[in-house]
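# Structure for the following, please:
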Amino acid sequence: MSRVEIIGFGAVSALGEGASAASAGPIGRRARVVIAHDPELAQAGLARPFVARWCEPVSSGPEGDLRAEALLERALSGCASELDRVRPGWRRERVGMVLGTSSGGMRCAERAFEAIARGERIADVESPTYFGPMARASRRLGIPLDPSVLVLGACASSALAIGLACRWLEHGACDLALAGGFDDVTVFVAAGFEALRATTACPPPRPFRAGRDGMSLGEGAAVLALSLPAALPPSAGARVYIAGFGSSSDAMHLTAPDRDGGGLARAARAALEEADRDLVDLVGAHATATPFNDAAEFCALAKALGAEGARKAVVHPLKAQIGHTLGASGALELLACADALARGVLPAAAGEGPLDQAAPARLLTHSVAGEPRTALKLASAFGGANAALVATTTPPLRVRSHREAFLHAAAHIEEEPSVEAIAEGARVTIDRLVRAGALVRLALAAVALLEQETGSLAGAGIVVGSALSTIEVNAAFSGRLREAGARGAEPRRFPYTSPNAAAGECSIAFGLTGPGFGVGGGMHAAVEALAAGAVLVQGRDADRVVVVAVDEVGETTRALGGEGLRSGAVAVLLSAAKNGARARVGDVTLRRGSAVLGALAPGHRALTPLVDGDLPAAVASSSPPDLFARVVLHPL
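Prediction:
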């Protein structure tokens, strides 16, 4: 890691705004819990309607529908104000933005799905998408952003976004990166988690405690300003660095964690090795308080830190205080770790009861003064995605070298094969494929075709880019909720509403244990995925990465994305190996703020030139009105 520093941030959660949104708490106090009974979820009929809401209640009408955007806007505005103070002139620098989300504009999407089902035309086609809140909030900054990337890695989204932002900074793609995540809580999401029996009946959640029964959801947003070290005013306070990043996929199950914690341990070890740390003082735990997750997480800690190191490190389960903020959780929890390091605090853990003997984490009843110097932030997600970040008060001594990324093979699926053919090629049961939906099936078919050409892909990473992601699956799930009510949510279908489902199913089918997640910042998502895959190879996070660009088109997709999108998928193999490669990956542009004249090859079609014949000098796409994407290729 090239000594990436947190030089400012903006944050909002049920605890407050700014520093109070993700505080390690005052010394001598118990952890403050802000989870409460929620009228919106109770009115919808949910049996476990407990949420940590941002300070304002949900309102009906257009303003309430834009709640996710408002959360992000507050965090982004706070971060910009902090930068104005500590780094005047930052708006004239090269600024990038990498954000993560789990549900994006879902509140707007639910309204849109109902309107489309009635045959009505949607005037605002951006707000109901995953990328809508980011696109709209970032425009208010009034400056160009490059790279501009939206990570769709479910609950690990913002941890992954921060790691990717660090890589782009190290690679010299920008001078300053704004990284983090956002999510609000909707009936759609809450109904799905309740159907999976993942939410608590008696808050607060009790992570790592015997008899724990699940989490409560929460909402929030956090945007960190990251930079290579620069002179800061004395009033900027203690300096905290992100010294290591690691990412992996369990490649075992779409929603349940690896019981042995193997995948999360690999991510943690990678981050610790990069940071040149063996032990940590503080763990910002994922800590969903579900029976399997907490036990698996402690197993991962024991593997990464050793049994004694895992027992000694103080564990901070922030979700027990502010709920599971989904796409914002990694960023908010990292900020709590940074606050603890900066102020010399070992934070208290919310929750009561005896420890689970299978997960004997060190939990404090009150915050105490200490001298923590190193913190490990862990995150896990649907799709088996894992991410780890190491924060320290001293910059790392070693600087990680970068390398080239090379393009090897590519495969294209124009029409979805039969379910039987996909089942044979991807080694997946027919029942599971039917439940998964066409987006997942197309992705599996494309990767199976790629593997026929390249041989085994086991151990590689995977990045999936989709213009509108799981919109069609989401519309069907939302329709079921309208018909049967929130208590009628289907637990076997809800996981496939996650934008990380395609990456997760591909990782399981083909043994892709490297970094795995989705991206989807707009119609240019195919090029965005290629760029993200390349930076993982260049940053030594994976030796090989499978890039999948995939689109499922139906009634809802056409209503929001227009007629330019087509169903289909392209799978591409990127590698650090030059031998046998077709091209070297060159400069990347993912610029928001550019004028876009017409739509360039939307969706997966942007990568079809990579499949046959001579390679182009670049692949390009756009997301009107203001984002242009291009990856330059140097044929060998």
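# So, low pLDDT: which residues of the stretch 301-450 of the chain?
Judged against pLDDT under 70, the stretch 301-450 of the chain has no low-scoring part.
# residue boundaries of the helices in it?
319-322, 329-343, 419-426, 430-436, 438-454 (DSSP state H, counting those that start in this stretch).
# any idea which of the ones you listed is most buried?
Of all those, helix 319-322 carries the top mean neighbour count, a mean of 29, counting by mean count of other CB atoms under 10 Å. Bear in mind the C-beta positions are built from the backbone N, C-alpha and C, glycine included.
# So what touches it?
Contacts to helix 319-322, defined as CB atoms under 8 Å, 6 or more residues apart in numbering, come from residues 13-15, 31-35, 52, 204-207, 215-216, 218, 220, 286-289, 325, 329, 332-333, 349-351.
# that older thread, Serialize the helices of the stretch 301-450 of the chain to TSV and add fields for distance to residue 275.
Shown next, in TSV, are the helices of the stretch 301-450 of the chain (distance: least, CB to CB, whole Å):
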stretch	distance to residue 275
helix 319-322	24
helix 329-343	13
helix 419-426	37
helix 430-436	37
helix 438-454	32
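# Got phi/psi on residue 573?
phi -110, psi 120 (degrees, to the nearest 10).
# Mind listing the residues bridging to it?
Legend: beta-bridge partners of residue 573 under DSSP bridges are residue 546.
# how many neighbours does it have?
Residue 573: 24 surrounding residues under other CB atoms under 10 Å.
# Would you mind saying which of the helices of the stretch 301-450 of the chain lies nearest residue 248?
Judged by CB to CB, the one of these that comes nearest to residue 248 is helix 329-343, at 14.7 Å.
# returning to what we had before: right, and the helices of the stretch 301-450 of the chain - which one's nearest residue 385?
helix 329-343 (10.9 Å).
# Any regions of this structure where pLDDT drops low?
1-2, 56-64, 230-237, 597-599.
# Show me how it divides into domains.
When the chain is parsed with automatic domain parsing, its domains come out as 4-102+153-392, 406-635.
# ok so, going back, out of the contacts of helix 319-322, which sit inside strands?
Using DSSP state E, the members of these that fall in strands are 13, 52, 218, 220.
# Save these as JSON lines, and put in distance to residue 189 and neighbour count too.
Below are the ones in strands among the contacts of helix 319-322 laid out as JSON lines (distance: CB to CB, whole Å; neighbours: other CB atoms under 10 Å):
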{"residue": "13", "distance to residue 189": "17", "neighbour count": "32"}
{"residue": "52", "distance to residue 189": "14", "neighbour count": "27"}
{"residue": "218", "distance to residue 189": "11", "neighbour count": "29"}
{"residue": "220", "distance to residue 189": "14", "neighbour count": "34"}
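# which pair in these spans the largest distance?
Using CB to CB, the ones in strands among the contacts of helix 319-322 span at most 8.1 Å, a distance reached by 52 and 220.
# sorry, back to before: please indicate which of the contacts of helix 319-322 are buried?
Applying 16 or more other CB atoms under 10 Å to the contacts of helix 319-322, the neighbour count classes 13-15, 31-35, 52, 204-207, 215-216, 218, 220, 286-289, 325, 329, 332-333, 349-351 as buried.
# tell me, what residue is most central in this structure?
The residue lying closest to the centre of the chain (CA atoms, centre = their mean) is residue 157, at 1.1 Å.
# what residues are up against that residue?
Residue 157 sits next to 100-102, 151, 181, 326-327, 330, 381, 517 when contact means CB under 8 Å, 6+ apart.
# For residue 80, state which of those is nearest.
Residue 80 lies nearest to residue 181 out of the contacts of residue 157, by CB to CB, at 16.8 Å.
# Packing partners of the helix or strand hosting the closest one?
Assigned by DSSP states H and E, residue 181 falls within strand 176-183. In this structure, strand 176-183 makes packing contacts with helix 67-86, strand 95-101, helix 157-170, strand 220-227, helix 329-343, judged by 3 or more CB pairs under 8 Å, 6 or more residues apart in numbering; DSSP states H and E.
# That strand to strand 95-101, inter-axis angle?
Here the directions of strand 176-183 and strand 95-101 differ by 20 degrees (axes from the mean of the first three to the mean of the last three CA atoms, to 10 degrees).
# Wait, residue 521 touches residue 150, no?
Yes - Residue 521 is in contact with residue 150 according to CB atoms under 8 Å; the separation is 3.9 Å.
# shared neighbours of those two, which are they?
Common neighbours of residue 521 and residue 150 (criterion: CB under 8 Å, 6+ apart): 131, 134, 528.
# got the CA coordinates for the helix or strand that contains the second one in CSV?
Looking back up the chat, that one is residue 134. Assessed by DSSP H and E, residue 134 sits inside helix 132-139. In CSV, the C-alpha atoms belonging to helix 132-139 read as follows (Å, rounded to 0.1, in the frame of the first residue of the first chain):
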residue,chain,number,x,y,z
GLY,A,132,-29.3,6.9,-9.7
PRO,A,133,-28.4,8.2,-6.2
MET,A,134,-24.7,8.3,-6.9
ALA,A,135,-25.1,10.0,-10.3
ARG,A,136,-27.4,12.7,-9.0
ALA,A,137,-25.6,13.4,-5.8
SER,A,138,-22.1,13.5,-7.4
ARG,A,139,-23.3,16.1,-10.0
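# what about residue 121, which helix or strand?
Going by DSSP H and E, residue 121 is not in any helix or strand.
# coming back round to it: mind giving me CSV with the domains of the chain and columns for distance to residue 139?
Formatted as CSV, those follow (distance: least, CB to CB, whole Å):
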stretch, distance to residue 139
domain 4-102+153-392, 10
domain 406-635, 7
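# From what I see, residue 550 and residue 444 are in contact.
No - between residue 550 and residue 444 there is no contact under CB under 8 Å: 9.5 Å.
# anything in contact with each of those two?
Here residue 550 and residue 444 have no joint contacts, going by CB under 8 Å, 6+ apart.
# The helix or strand just after the helix holding residue 134 to helix 132-139, inter-axis angle?
On the C-terminal side of helix 132-139, the closest following helix or strand by DSSP H and E is strand 148-152. When the same axes, to 10 degrees is applied, the directions of strand 148-152 and helix 132-139 differ by 160 degrees.
# Okay, now the sheet partners of strand 148-152, with direction.
Partners of strand 148-152 in the sheet, by DSSP bridges, are strand 95-101 (parallel), strand 516-519 (antiparallel).
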